[in-house]
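J.: structure for the following, please:
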Amino acid sequence: MHIVIATHGRPVLLRRTLTSLADAARPQSLERVWIVENGSDAGARDICAEWRDVLPIEYVHFPKPGKAAVLRDIVSRIGRGLIVFTDDDVRVGPGFFQAYERATADGDTRVVLGGPLRIDYETPPPQWMHRHLPPSARGWEKTDDAPITKPCFLGANYAAFAQTIIEVGSFRADLGTGSHGNPVGEEWDIQQRLLAAGCRGVYVPDAEVWHYVPRQRCDTRWLLDRQYRIFLTNGMIETKPLHGATWRGLPRWMWRRLLALRVRAWLAMLIPDPERRFEQRKRYHEYRGYLAGLRMRPATHPSPQRGEAG
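T.: Down below sits the predicted model:
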């Protein structure tokens, strides 16, 4: 078992995460805790040195920004074995390691696993905002027994075997925080490809993680930017052909819709109710992100074609 944490510039939170890992019951299968500093050298190396007598830490500095590129490199280095992905702003439950060990005791490597995400708020958001927050800021757990057929595990708490990740092509290096456009969602993309390749989805309810959410992430400006980045990723991984006479690489009808949404977002500033005002602005930012992502798609994806407007 390997734990992989990408980090940059959050020393207090990283120490909190390492403290929780050190306090958790540790199975013999735990081989390494990989701390990957992504970007400039911001102090994670010294923090890792403080913890080497407590945890089997392997520090790696990856100077080029881009979280998914970091994960791709680390998966290649590990090569084989279970990799549990989490973040530098979480605390894990006392049974975190053991839960993943039990879930993979049958030796099946064609699985994608994940556990619940709880929330530690610095300042709780307004009630109306809570339902609009992404799962990473409001929490997530599986509440039914239905088979897992689509991505559902959050980036701070999921796992798969290195050899199986490599088999499906590993992480796309153009996704993840720090990549061009700062998209999110590299975990959704890799889960989708693992499931499409026949891997079994496994929910691990005892592998609990608490995600720290600072007060600035319960702010409408952050939330609108987050929605933009989520839909930017959606556009980047879209594979459907787009139809209609094009302008600047996209069908004209898409640009017309964007303009209409922008006007509605501007007029929404006159709405007194904060939730209704936010919902109108959110639609514009989501669609703007989606179009930006479509224009960033790799050349191997279908390009827009002339034809009837969709």
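
J.: against Asn38, how distant is the closest residue to Asp41 other than its chain neighbours?
T.: Leaving aside its sequence neighbours, Asp41 sits nearest to His61 (C-beta to C-beta, 6 or more residues apart in numbering; 6.2 Å). In this view, the C-beta of every residue, glycine as well, is placed from N, C-alpha and C. Per C-beta to C-beta, to the nearest Å, His61 is found 9 Å from Asn38.

J.: tell me which of those two has more neighbours.
T.: Per other C-beta atoms under 10 Å, whichever of His61 and Asn38 has more neighbours is Asn38, with 24 against 14.

J.: got a pLDDT number for Phe171?
T.: For Phe171, the pLDDT comes out at 94.

J.: so how far is Gln192 from it?
T.: Separation of Phe171 from Gln192 (C-beta to C-beta): 12 Å.

J.: the more surrounded of these two?
T.: More crowded of Phe171 and Gln192, by other C-beta under 10 Å: Phe171, with 25 against 16.

J.: the helix or strand where Val202 lies pairs with which strands?
T.: Using DSSP states H and E, Val202 falls within strand 200-203. Strand 200-203 sits in its sheet next to strand 111-114 (parallel), going by DSSP bridges.

J.: quick revisit: secondary structure class of the residue nearest to Asp41, three-state.
T.: strand (DSSP: H, G, I helix; E, B strand; the rest coil).

J.: those strands in the stretch 201-310 of the chain, which residues are they?
T.: 209-213, 246-247, 250-251 (DSSP state E, counting those that start in this stretch).

J.: pull out the buried residues from the longest helix seen in the chain.
T.: Looking across the chain with DSSP state H, the single longest helix is helix 274-295. Neighbour-count burial for helix 274-295, counted by 16 or more other C-beta atoms under 10 Å, picks out 277-278, 280-294.

J.: list of residues touching it?
T.: Identification of contacts with helix 274-295 by C-beta atoms under 8 Å, 6 or more residues apart in numbering yields 126, 128-129, 132, 181, 183, 220, 223-225, 227-238, 242, 248-250, 254-255, 257-258, 261-262, 264-265, 267-269, 271.

J.: let's see 6 Å
T.: 128, 220, 224, 227-228, 231-232, 234-236, 249, 254, 258, 261-262, 264-265, 268, 271 (C-beta atoms under 6 Å, 6 or more residues apart in numbering).

J.: so where does the nearest residue to Ala25 once chain neighbours are set aside fall, helix or strand?
T.: Distances taken as C-beta to C-beta, 6+ apart put Gln98 closest to Ala25, at 5.5 Å, once the chain neighbours are dropped. For Gln98, the host element (DSSP H and E) is helix 96-103.

J.: and the angle for that helix with strand 209-213?
T.: Going by axes from the mean of the first three to the mean of the last three C-alpha atoms, to 10 degrees, helix 96-103 is angled at 130 degrees with respect to strand 209-213.

J.: buried stuff in helix 96-103?
T.: Under the neighbour-count criterion of 16+ other C-beta under 10 Å, helix 96-103 has 96-101, 103 buried.

J.: tell me how many other residues surround the spatially closest residue to Pro151 that is not a sequence neighbour.
T.: Spatial nearest neighbour of Pro151, excluding adjacent residues (C-beta to C-beta, 6+ apart): Gln191 at 3.7 Å. Look at Gln191: counted by other C-beta under 10 Å, it has 23 neighbours.

J.: quick check, Gln191 in a helix?
T.: Yes - under the criterion used here (three-state DSSP), Gln191 sits inside a helix.

J.: okay but it is in contact with Gly114, surely?
T.: No - the criterion here is C-beta atoms under 6 Å, and Gln191 misses it with Gly114 at 8.2 Å.

J.: Thr143 belongs to a strand?
T.: No - with three-state DSSP as the criterion, Thr143 is assigned coil and is not in a strand.

J.: pull the number of nearby residues for it.
T.: Neighbours of Thr143 under the rule other C-beta under 10 Å: 8.

J.: not counting the helix holding Gln98 itself, show me its contacts.
T.: 24-27, 29-30, 84, 113, 159, 202, 204, 206-207.

J.: now the closest residue to Lys67 other than its chain neighbours: how far from Ile78?
T.: What sits nearest to Lys67 in space, not counting adjacent residues and going by C-beta to C-beta, 6+ apart, is Gly176, at 3.3 Å. Distance of Gly176 to Ile78, given as C-beta to C-beta: 18 Å.

J.: which one's more surrounded, those two?
T.: Per other C-beta under 10 Å, whichever of Gly176 and Ile78 has more neighbours is Gly176, with 27 against 21.

J.: good, we can wrap up now.
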